[in-house]
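Asks: output the structure for:
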Amino acid sequence: MKCKCFLLVLCVIFCSQCRSKEKGIVHVDENGIEVVSNPLQVSGKTNIRFELERSLLSNAAGIPDDVSFGRIFNMDENGNWYVADTKNTSILVLNQKGDFVKKIGGPGEGPGFFMDVRDIFFTKEEIGVLEESRISYFSKDGSFLRQMKLPLDYSLSILPNGNILRQAPAHNPNNPADIKFQLIMAAPDGKPIVTLDSIQMFNPLGARIKGCNYSISVARSKDILYVYSQDREYEIWAYDFSGKLLRRIKKEHLPVTVSAEYKNDFISEIKPLYDRIKDRLYFPEYMPPIHCLFTDEEGFLFVVTYEKSKEKDGYLVDVFNPKGECIAQTVMPLDSLVKPAAILLKNHRLYRIFQKMEDVEEFSVSRYAIEK
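Replies: Numbers count the residues shown, from 1 in each chain. From the prediction side, this is the model:
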């Protein structure tokens, strides 16, 4: 009898240890949607290695005068980079060495000019430039071809299957100060398919104004759309390009107190409004868990957090595999805690625009490897 009790105790201890070892990443099915829960600590031996290949300043020789590097839109099959010139509302094309190739467009409403570029995509023969409510098509040499009016406003991006992402305001008729932004997937004809996410909009008309410029971060791999709204906890939603929710990715995190640096960045962003709203402005105690998202062609998801690294200068970045499992952490410096970082991941390289000094931006290229 004592022997049986002893074996039972050993069995309980063994099972408990197994559960303890397995207490990590958990996959469950909730009404047909996979929920992946990741623990605070990242297990495993996966490393992310970055190696700087080259960098280029916006005031470098050969770059047109008085330009400002903004978002990196895309890269074509020849390795040319398409970068926003936010000062001149145009697109700069740079080759793999960083040499200036050509400029496309300029400020204006007419054919071949831009008001607000949102996205760039390529067909076999053409370059498509998406604005809020129209698409302009150019030849590969940058010559204007034609323009197409879209059946809806607030467009953000066009998916490979032709569906359109748009972010539109939704007003509460009973409360004018209650305005939300909705991320909507629409068909090519403009008909809404599904609301992917929503977020409370910063509204200077409110009786009390929360000092957080919350946004919805969107990252796209070859077949998955990742969406995160900054007004919820660490939970990223993964959709297919038809709008079907496939997976919810969760991760435990440490709360990060709103810093003086963030407050200063935020006030700087709303400077024209600040004197009128400062008596109604307040800051929450904690930051959202996630700053922004990026993904590469292989489906690895990079999640930039507000948690500072204790070992290096920068902020922790959680790296997830295509299954939604956090496999590694790396560190990334940020030049703004308010605005999303200007980053593109492609061909195992990280392309980034960083504010180097006032009116001068640095465009850098780093090769990265995910090593197990």
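Asks: ranges for the helices of the stretch 201-350 of the chain?
Replies: 260-269, 271-277 (DSSP state H, counting those that start in this stretch).
Asks: nearest to Leu316, out of those?
Replies: Among these, the nearest to Leu316 by C-beta to C-beta is helix 260-269 (15.8 Å). All C-beta spots, glycine's among them, are computed from the backbone N, C-alpha and C.
Asks: please point out which parts of the closest one sit buried.
Replies: Across helix 260-269, burial judged by 16 or more other C-beta atoms under 10 Å covers 262, 265-267.
Asks: for stretch 296-304, same thing?
Replies: Buried residues in stretch 296-304, counted by 16+ other C-beta under 10 Å: 296, 299-304.
Asks: max pairwise distance over those residues: which two?
Replies: Maximum distance among the buried residues of stretch 296-304 (C-beta to C-beta): 17.5 Å, for Gly299 and Val304.
Asks: go through the helices of the stretch 201-350 of the chain and name the closest to Phe283.
Replies: Nearest to Phe283, of all these, is helix 260-269, at 5.9 Å by C-beta to C-beta.
Asks: where in the stretch 101-250 of the chain is pLDDT low?
Replies: Segments of the stretch 101-250 of the chain classed as low confidence (criterion: pLDDT under 70) are 177, 203, 206, 213.
Asks: on that earlier part again, Throw the helices of the stretch 201-350 of the chain into a markdown table and include mean pLDDT and distance to Pro169, thanks.
Replies: Below are the helices of the stretch 201-350 of the chain laid out as a markdown table (pLDDT from 0 to 100; distance: least, C-beta to C-beta, whole Å):
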| stretch | mean pLDDT | distance to Pro169 |
| --- | --- | --- |
| helix 260-269 | 88 | 19 |
| helix 271-277 | 87 | 18 |
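Asks: right, and these - which one's nearest Val319?
Replies: Ranking the helices of the stretch 201-350 of the chain by proximity to Val319 (C-beta to C-beta) places helix 260-269 first, at 23.7 Å.
Asks: kindly export the closest one (C-alpha atoms) in CSV.
Replies: Provided in CSV are the C-alpha atoms of helix 260-269 (Å, rounded to 0.1, in the frame of the first residue of the first chain):
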residue,chain,number,x,y,z
ALA,A,260,7.7,62.5,-19.5
GLU,A,261,9.3,61.8,-22.9
TYR,A,262,6.0,60.6,-24.2
LYS,A,263,4.1,63.6,-22.8
ASN,A,264,6.5,66.0,-24.4
ASP,A,265,6.3,64.1,-27.7
PHE,A,266,2.5,64.2,-27.6
ILE,A,267,2.3,67.9,-26.7
SER,A,268,4.7,68.7,-29.5
GLU,A,269,2.4,66.9,-31.9
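Asks: coming back round to it: and Phe69, which of the helices of the stretch 201-350 of the chain is closest to it?
Replies: Short answer: helix 260-269, nearest of the helices of the stretch 201-350 of the chain by C-beta to C-beta, at 18.7 Å.
Asks: and that closest one, what does it pack onto?
Replies: With contacts taken as 3 or more C-beta pairs under 8 Å, 6 or more residues apart in numbering; DSSP states H and E, helix 260-269 sits against no other helix or strand.
Asks: out of the buried residues of stretch 296-304, which comes closest to Gly162?
Replies: Set against Gly162, the nearest of the buried residues of stretch 296-304 by C-beta to C-beta is Gly299 (21.4 Å).
Asks: number of nearby residues for the closest residue in space to the closest one that isn't next to it in sequence?
Replies: Spatially, and ignoring its direct neighbours in sequence, Gly299 is nearest to Pro322 (3.5 Å; C-beta to C-beta, 6 or more residues apart in numbering). Pro322 is flanked by 16 other residues according to other C-beta atoms under 10 Å.
Asks: kindly report the same for Met185.
Replies: Neighbour count for Met185, taken as other C-beta under 10 Å: 20.
Asks: next one: Ser217
Replies: Neighbourhood size, Ser217 [other C-beta under 10 Å]: 21.
Asks: quick one, what contacts it?
Replies: 227-228, 230, 290-293, 340 (C-beta atoms under 8 Å, 6 or more residues apart in numbering).
Asks: of all pairs in those residues, which one is the farthest apart?
Replies: Taking C-beta to C-beta, no two of these sit farther apart than Val227 and His291, at 14.7 Å.
Asks: and these two? which has more neighbours close in?
Replies: Between Val227 and His291, His291 has the larger neighbour count (other C-beta under 10 Å), namely 25 against 20.
Asks: excluding chain neighbours, what is closest to Val28?
Replies: Val28 sits nearest to Val35 (C-beta to C-beta, 6+ apart), 5.1 Å away.
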